[in-house]
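Novice: Return a 3D structure for these sequence lines:
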Amino acid sequence: MPTQLEPRVQRAPQLTRHAAVLGTGSFVPDGVISNADLEAMVHTSDAWILERTGIRERRRAGAGVTAATLGAAAGRQALAAAGISEVGAIIVATCSPDTFIPPTACLVQRELGLPGVPAFDINAACSGFVDALVVANSLIVSGAAGTVLVIGAEALTQLVDYTDRSTCVLFGDGAGALVLGAADRGGVVATSWGADGLDADLIYYGVKGDDPNSGDGVRMHGKGTFRNAVERMVGIAEELCATAGWRLDDVDLLVPHQANARIIEAVAKRLRLPMNKVMVNLDRYGNTGGASIALALAEADQLGRLGAGRRVLAIAFGAGATWGGVALEWTSTRAA
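Specialist: Next comes the predicted model:
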């Protein structure tokens, strides 16, 4: 039997009702922070950042642009791609909400003009979008909702301490969205999620170490995070494939959380997947937290890498520690 620390892998119920992707969308702000910009802000270099992270630039939201602003823009695009104007629920994955109250999902709901349906946030840090997909899948398969707008949206640069060179080079802002709807084939084949609060200190928001004068910011213990992220994501991918009845060779596209190029490459190597089967866009967007998988899926769709019948694994690891994944048989066709 699985222990409390093992991912909760579930086979999607064998019913005629499946949760399939009907449309995708994405949005990033215009502001760009390049590695050269960071060289002028903190003791670092373009070569140092590229070698350790694979990031060249990241997006930064301007004044008045929030997670809700970004999420609404991505959601509007996903609705248009799906060819629908109404949904049964709205879920927003974010760890950089506009405010503590109300939920960012309700602000997105207001912006999109979708009153009356359930709207709520999920904060599982970088695993948040996967958790939101698991919940959305359950709503659709159970019949509680016919369609769900699932958004990952982050304005993380507002949480960054730009004197901390180990973390300030990582994070960017952006949003991605999927519309999930009931279908009689394809869609979500298996899901996995889990957490271990014993690792809560690996990644956190607060002062730097024991220095109460450092100010708050996103902090990270790099070595522990790297090891845990690789081990968890590899395990999730293997278990999802086993549950779905796939071989790893059957996977057409791996969409990992876009945290660090070294982590992504290590995961792909251990899974024996060539990098041409891995979606990577962190070189242009950095780590966008709970938005990263949503943004990567939407971009892969836009690039034509997700045709009908393609087998996709989306896997993540984040603060908490949290982890999760979804196996999808892609069904979406983008609207012209």
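Novice: now the strands for the stretch 51-200 of the chain?
Specialist: Counting by DSSP state E, counting those that start in this stretch, residue ranges of the strands within the stretch 51-200 of the chain are 57-60, 89-93, 119-122, 147-155, 173-183, 187-195.
Novice: Just put those in a markdown table and tack on distance to L38 and mean pLDDT.
Specialist: C-betas here are computed from N, CA, C, even on glycine. Output for the strands of the stretch 51-200 of the chain, formatted as a markdown table (distance: least, CB to CB, whole Å; pLDDT from 0 to 100):
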| stretch | distance to L38 | mean pLDDT |
| --- | --- | --- |
| strand 57-60 | 9 | 97 |
| strand 89-93 | 27 | 98 |
| strand 119-122 | 30 | 98 |
| strand 147-155 | 18 | 98 |
| strand 173-183 | 15 | 96 |
| strand 187-195 | 32 | 95 |
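Novice: who wins for proximity to A266 among these?
Specialist: When those are compared by CB to CB, strand 187-195 sits nearest A266, at 19.2 Å.
Novice: Give me the sheet partners of the closest one and which way each runs.
Specialist: strand 10-11 (antiparallel), strand 322-329 (antiparallel) (DSSP bridges).
Novice: Give the residue spans of the stretch 1-150 of the chain that score low on pLDDT.
Specialist: The stretch 1-150 of the chain contains residues with pLDDT under 70 at 1-16.
Novice: still on that earlier bit, reformat the strands paired with strand 187-195 into TSV and put mean neighbour count and distance to P212 next to each item.
Specialist: TSV is the format used below for the strands paired with strand 187-195 (neighbours: other CB atoms under 10 Å; distance: least, CB to CB, whole Å):
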stretch	mean neighbour count	distance to P212
strand 10-11	14	44
strand 322-329	28	27
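Novice: lowest-confidence stretch among those?
Specialist: Among the strands paired with strand 187-195, strand 10-11 has the lowest mean pLDDT, at a mean of 56.
Novice: just to revisit the earlier point, format the strands paired with strand 187-195 as JSON lines; extra columns: distance to N276.
Specialist: JSON lines is the format used below for the strands paired with strand 187-195 (distance: least, CB to CB, whole Å):
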{"stretch": "strand 10-11", "distance to N276": "29"}
{"stretch": "strand 322-329", "distance to N276": "19"}
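Novice: out of these, nearest to R59?
Specialist: strand 322-329 (23.8 Å).
Novice: could you dump that closest one to PDB, C-alpha only?
Specialist: The C-alpha coordinates for strand 322-329 follow below in PDB (Å, rounded to 0.1, in the frame of the first residue of the first chain):
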ATOM      1  CA  THR A 322       4.100  19.700  -3.400                       C
ATOM      2  CA  TRP A 323       4.100  17.600  -6.500                       C
ATOM      3  CA  GLY A 324       1.700  16.300  -9.100                       C
ATOM      4  CA  GLY A 325       1.100  15.300 -12.700                       C
ATOM      5  CA  VAL A 326      -1.600  14.600 -15.300                       C
ATOM      6  CA  ALA A 327      -1.500  12.200 -18.300                       C
ATOM      7  CA  LEU A 328      -3.600  13.500 -21.200                       C
ATOM      8  CA  GLU A 329      -4.600  12.100 -24.600                       C
END
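Novice: how big is the angle separating that strand from strand 173-183?
Specialist: 50 degrees (axes from the mean of the first three to the mean of the last three CA atoms, to 10 degrees).
Novice: ok, the closest residue in space to Q77 that isn't next to it in sequence - contacts?
Specialist: Excluding the flanking residues, the one nearest Q77 by CB to CB, 6 or more residues apart in numbering is G25, at 2.9 Å. Listed by CB atoms under 8 Å, 6 or more residues apart in numbering, the contact set of G25 reads 73-81, 176-178, 298.
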